[in-house]
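Chemist: I would like the atomic coordinates for the input below:
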Amino acid sequence: MYNDLLKIGPVVLHSYGLLIGIGFLAAVFIAERRAPKNGMDADTVAYFGMYCAITGILGAKILFVIVNWRAFLKAPLSVLGTDGLVVYGGIIGGILCAVIYCKLKRTNFWDYFDLVLPSVAVAQGFGRLGCFMAGCCYGERTDAWYGIAFSHSNYAPNGVKLIPTQLLSSAGMFLIALLLFGYANRAKKAGQVGAVYLMLYSIGRFLVEFLRGDLERGSIGSLSTSQFISIFILVIGIAIWFFRSGSKDDRLQAAAYGSSKSQDAK
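Modeler: Residues are numbered from 1 along each chain as shown. Below is the predicted model:
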């Protein structure tokens, strides 16, 4: 596809960056709209989202450098200058920022955890569309009817049909977002929605990795680096779900302390 969407002199607008930006704005907009229903201040959620996005991007770039450490040692500026990001680094960076933010604000981390992660899934859906436009994160070669051949990619091999793993991932993330929005109305304990996100995303990512063709990303044994990380994220998600299931902050009692949560958010 075409990553160089618009050129104005030396400035180039990339489809990849544009779609990531659209995803971020969509995620913040959705979180802000859902905030009052969860007893949280919309403006506070917007600032919270901005901080997490910054640390998320930083974490995604750091993990990208770690995964590509050999190339980084040879040409650090070249690696840092690419659009390359690793999603798991972004998730970890964003969650760490959320923990610190909630500690400083003395507010309930699990409420933000549940509010934001369904929106994160939406942002990831747009982000994977950006990957498709750039041609990164591509799939294996195929002769099937659904194969897509790139012609202007700096990442995928051009002129050969590839499995559109980016589109599969994008569709999967939008589906996960819809499931989480529905589950948020039924979850009884704070933290369970975010836990389900971790479980669903890690499972989906683990499976999609089998179709990926960019094998130079590194591996650990017979698993790709992302598959290896997915196992731990799945275990963490399951642990959080069961841990929060035994917590005392039943969501059925939310009305009793909703006003105090809103005050803490300010």
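Chemist: what residues are up against the residue nearest the centre of the chain?
Modeler: With distances taken as Cα atoms, centre = their mean, the residue of the chain nearest its centroid is residue 124 (4.7 Å). Applying Cβ atoms under 8 Å, 6 or more residues apart in numbering to residue 124 gives the contacts 23, 87, 169, 173, 201. Glycine gets a C-beta too; all of them are placed from N, C-alpha and C.
Chemist: right, and out of the residues you listed, which lies closest to residue 207?
Modeler: residue 169 (10.2 Å; Cβ to Cβ).
Chemist: The closest one contacts residue 207, doesn't it?
Modeler: No. Applying Cβ atoms under 8 Å, one finds residue 169 not in contact with residue 207, separated by 10.2 Å.
Chemist: Who has more neighbours out of the two?
Modeler: residue 169 (26 against 13; other Cβ atoms under 10 Å).
Chemist: Need the residues that contact the helix or strand harbouring that one.
Modeler: Using DSSP states H and E, residue 169 maps to helix 165-184. Applying Cβ under 8 Å, 6+ apart, the external contacts of helix 165-184 come out as 34, 114, 117-119, 121-122, 124-126, 128-129, 131-132, 136-139, 192-193, 196-197, 200-201, 204-205, 208, 211-213.
Chemist: Following element in sequence after that helix, please.
Modeler: Sequence order places helix 192-208 as the next helix or strand after helix 165-184, per DSSP H and E.
Chemist: Phi and psi next, for residue 35.
Modeler: Torsion angles at residue 35 (phi, psi; degrees, to the nearest 10) stand at phi -60, psi -50.
Chemist: cool, and residue 214?
Modeler: phi -90, psi 70.
Chemist: pretty sure it is touching residue 136, no?
Modeler: Yes. Between residue 214 and residue 136 there is a contact under Cβ under 8 Å: 7.3 Å.
Chemist: hang on, the earlier thing: now flag whichever of the contacts of residue 124 is closest to residue 66.
Modeler: residue 87 (13.6 Å).
Chemist: quick one, what contacts the closest one?
Modeler: 60, 124, 127, 205, 226.
Chemist: Tell me which residues are up against stretch 213-230.
Modeler: In contact with stretch 213-230 (Cβ under 8 Å, 6+ apart) are residues 67-68, 86-88, 136-141, 155-156, 162-163, 165, 202-203, 205-206, 209, 212, 231.
Chemist: and those residues, which of them are in strands?
Modeler: residue 162 (DSSP state E).
Chemist: Buried among the contacts of stretch 213-230? Make that a PyMOL selection.
Modeler: Buried subset of those, written as a PyMOL selection, criterion 16 or more other Cβ atoms under 10 Å:
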select buried, resi 67+68+86+87+88+136+137+138+139+155+156+162+163+165+202+203+205+206+209+212
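Chemist: just to revisit the earlier point, what mean pLDDT does the helix holding residue 169 get?
Modeler: Taken as a whole, helix 165-184 carries a mean pLDDT of 97.
Chemist: Could you tell me the angle between it and helix 192-208?
Modeler: 160 degrees (axes from the mean of the first three to the mean of the last three Cα atoms, to 10 degrees).
Chemist: all numbers from here: first residue = 535
Modeler: OK, 535 is where the count begins now, so the last one is helix 699-718.
Chemist: Could I get the CA-only coordinates of helix 699-718 as CSV?
Modeler: Taking Å, rounded to 0.1, in the frame of the first residue of the first chain, the C-alpha atoms of helix 699-718 are listed here in CSV:
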residue,chain,number,x,y,z
THR,A,699,-2.2,-10.3,8.8
GLN,A,700,-2.6,-6.6,9.5
LEU,A,701,-6.2,-6.7,8.4
LEU,A,702,-6.9,-9.8,10.4
SER,A,703,-5.3,-8.2,13.5
SER,A,704,-7.3,-5.0,12.9
ALA,A,705,-10.6,-6.8,12.6
GLY,A,706,-9.7,-8.8,15.7
MET,A,707,-9.0,-5.7,17.8
PHE,A,708,-12.3,-4.1,16.8
LEU,A,709,-14.1,-7.3,17.7
ILE,A,710,-12.3,-7.4,21.0
ALA,A,711,-13.4,-3.8,21.7
LEU,A,712,-17.0,-4.6,21.0
LEU,A,713,-16.9,-7.6,23.3
LEU,A,714,-15.3,-5.6,26.1
PHE,A,715,-17.9,-2.8,25.8
GLY,A,716,-20.6,-5.4,26.2
TYR,A,717,-18.8,-7.2,29.0
ALA,A,718,-18.3,-3.9,30.9
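Chemist: Much appreciated, bye for now.
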